[in-house]
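In: Generate a structure from the sequence data that follows.
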Amino acid sequence: MKHTLSVLVENKPGVLARIAGLFSRRGFNIDSLAVGVTEDPNVSRMTITLDQQEHPIEQVTKQLHKLINVIKITDLDPERTVSRELALMKVSTDPKSRGEVMQIAEIFRANILDVGKKSLTVEITGTTAKIEAFEQLLRPHGLLEIVRTGRIAIERGEK
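Out: From the prediction side, this is the model:
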C-alpha cells in the first residue's frame, strides 16, 4: 500500500538534500517526491510517496522528526485527500495516427501542447491510475518520451 506524507519544512538551502540523505542512509526508497513553496514563502511542502510494506511509516516519520528543519509531518488519509500528478508525453505520430491520438487525449481531457511533423506532446493531469491508463493507450503509437511529476496532495476541507 502506498502512503503519502506531507512534510512541511523550512524553505532553506540543503533541506531537500538532508531529507534525501536520511532516506538513503536508512535504505528507504521514495516512490515519488514533489517539493514546492507554500502560502508562506519561508515554508516548503514536500509530498513524499512511499510503499508501506517496504518501510513502516512510523519508522520513517520518527526519523524525519529528528531533522531540525522539519516543521510538521502528516500521513495523509487517502479517504480525506485530493491528490494529482502531471505527466507530459511525447507520442510518435504520422498524419494517419495523429487524429486517433488527439481523440484519446480528448477523452482523457488531456491538452495537446506541441505538434511536430512526427510527434505530439500531450499534458495530462489526474490520479496515478488515470495517467497509467492514458499511457497504456498511447504506447501502441510509440511513446518517445515521458516526464511525470510526483504525486501532490492536500487534505479535503471540512464538510
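In: For the worst-scoring helix or strand of the chain on mean pLDDT, which outside residues touch it?
Out: The helix or strand of the chain with the poorest confidence is helix 57-65; it has a mean of 84 (mean pLDDT, DSSP states H and E). Contacts of helix 57-65 with the rest of the structure, by CB atoms under 8 Å, 6 or more residues apart in numbering, involve 3, 5, 7, 19, 22, 26, 28, 50, 70, 73, 75. Backbone N, C-alpha and C define where each C-beta goes, glycine included.
In: Recalculate using a threshold of 6 Å.
Out: 3, 22, 70, 73, 75 (CB atoms under 6 Å, 6 or more residues apart in numbering).
In: Give me the neighbour count for the second one.
Out: Neighbour count of residue 22, defined by other CB atoms under 10 Å: 16.
In: isn't there a helix covering it?
Out: Yes: counting by DSSP: H, G, I helix; E, B strand; the rest coil, residue 22 is located in a helix.
In: For residue 50, list the residues it contacts.
Out: Contacts of residue 50 by CB under 6 Å, 6+ apart are residue 3.
In: So which bits of the helix or strand harbouring it are buried?
Out: Using DSSP states H and E, the element containing residue 50 is strand 43-51. Across strand 43-51, burial judged by 16 or more other CB atoms under 10 Å covers 44-50.
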